[in-house]
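> Please find the sequence and the predicted model below.
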Amino acid sequence: MPKQTITFDTVRRLGRDLPGVEEGTMYGTPALKLKGKLLTCIPSHKSAEPNSLAIRVGFDERDDLLREAPDTYYVKEHYVNYPVVLVRLSRINVDKLRDLLNMSFRFVSAKSRRSRKA
């Protein structure tokens, strides 16, 4: 069975399953947000490889992803200080992408709850 091609349309479709997720833009590229906070977008910085996705995750989760699958996940110097991992869409399948979007959703949701308490 041929591998399904993953595009931002796939990301968009999976994101619709998450409560409160809305479409928008980030630096002029398509993005998914939760209450105005970035979940994921097409990276606009020139250091990102073509056909990549920037997705918000915690630094610990990013380190785990980079260690477990460096052919799929990467980070460039521009993104090092941000809780973001870059994903090569050609290397990820729909199930892993869904898991990654859920990870991002939990991260952004928790971050929003913490900022409301402060």
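Perfect, thanks for sending it.

> Quick check: Leu14 touching Val94?
Yes. With the criterion set as C-beta atoms under 8 Å, Leu14 and Val94 qualify as a contacting pair; they are 7.4 Å apart. Quick note: C-beta positions are derived from backbone N, CA and C, even for glycine.

> Between these two, which has more neighbouring residues?
For Leu14 and Val94, the more surrounded residue by other C-beta atoms under 10 Å is Leu14, and the numbers stand at 19 against 13.

> ok, now which ones touch that one?
Applying C-beta atoms under 8 Å, 6 or more residues apart in numbering, we find Leu14 in contact with 94, 97-98, 101.

> Write down the beta-bridge partners of the nearest residue to Tyr79 once chain neighbours are set aside, one by one.
Nearest residue to Tyr79, sequence neighbours excluded (C-beta to C-beta, 6 or more residues apart in numbering): Leu86, at 6.5 Å. With DSSP bridges as the criterion, Leu86 is bridged to Ala54, Tyr74.

> Quick one: residues contacting Leu86.
For Leu86, the contacting residues are 43, 48-49, 52-55, 73-76, 79, taking C-beta under 8 Å, 6+ apart as the criterion.
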